[in-house]
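Peer 1: Could you look at this predicted model? Sequence included:
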Amino acid sequence: MSFGDELDQGVDDQISEAGETLSVSRQGYRSPEVRGLVLQPGLGAKPGEVTTSATEAEIVILREDYSPTGSPSEPKIGDRITLAESGEIWEVSRTDAGSHWTWYGSRRYAYLVRVNKLPEGSR
């Protein structure tokens, strides 16, 4: 196994161990459910404390699984990611961190997508 393959396997392991079931939608089409890893910045949290008040997050999704139109696609501003368990809807948008997505890992294996949580009434 090459070093790059080992890195990709590490991403797979992170998603399978700590990931959540989610779906991606764009312009009325919703992808089948996939797994993704939600990284929230824990605003105002103490070390080791989990907070649900974050309105910005980053979500890691494998490149092959990001298919909001039925085929793999790069993330676009306005795409929506719905977390299956909580029902939270996050919208892909440019955040203070800059671009709305970047690569996660060294070989363009997964996307790190920047999102904002939609308020309950705007869904």
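Peer 2: Nice, I can see it.
Peer 1: Can you name the next helix or strand after the worst-scoring helix or strand of the chain on mean pLDDT?
Peer 2: Ranking every helix and strand in the chain by mean pLDDT, DSSP states H and E puts helix 3-18 at the bottom, with a mean of 72. Using DSSP states H and E, the helix or strand that directly follows helix 3-18 along the chain is strand 20-26.
Peer 1: buried residues in that following strand?
Peer 2: If you call a residue buried by 16 or more other C-beta atoms under 10 Å, then strand 20-26 has these buried ones: 20, 22-26. Heads up, the C-betas are built off the backbone N, CA and C, glycines and all.
Peer 1: quick one: which of these is nearest L118?
Peer 2: Using C-beta to C-beta, S25 is the member of the buried residues of strand 20-26 that sits closest to L118, with 11.9 Å.
Peer 1: number of nearby residues for the nearest residue to the closest one once chain neighbours are set aside?
Peer 2: In space, S25 comes closest to R80 once its chain neighbours are excluded; the distance is 4.8 Å by C-beta to C-beta, 6 or more residues apart in numbering. Counted with other C-beta atoms under 10 Å, the burial measure for R80 works out to 18 neighbours.
Peer 1: Let me see the backbone angles for R80.
Peer 2: When quoted as degrees, to the nearest 10, the phi and psi of R80 stand at phi -120, psi 140.
Peer 1: repeat for R63
Peer 2: phi -50, psi -40.
Peer 1: Where does the residue most central in space within the chain sit: helix, strand or coil?
Peer 2: Central residue check for the chain by C-alpha atoms, centre = their mean: the C-alpha nearest the mean position is that of I59, 2.2 Å away. When the structure is reduced to helix, strand and coil (DSSP: H, G, I helix; E, B strand; the rest coil), I59 reads as strand.
Peer 1: Check whether it really touches G36, as I assumed.
Peer 2: Yes: in terms of C-beta atoms under 8 Å, I59 counts as a neighbour of G36; the distance is 5.0 Å.
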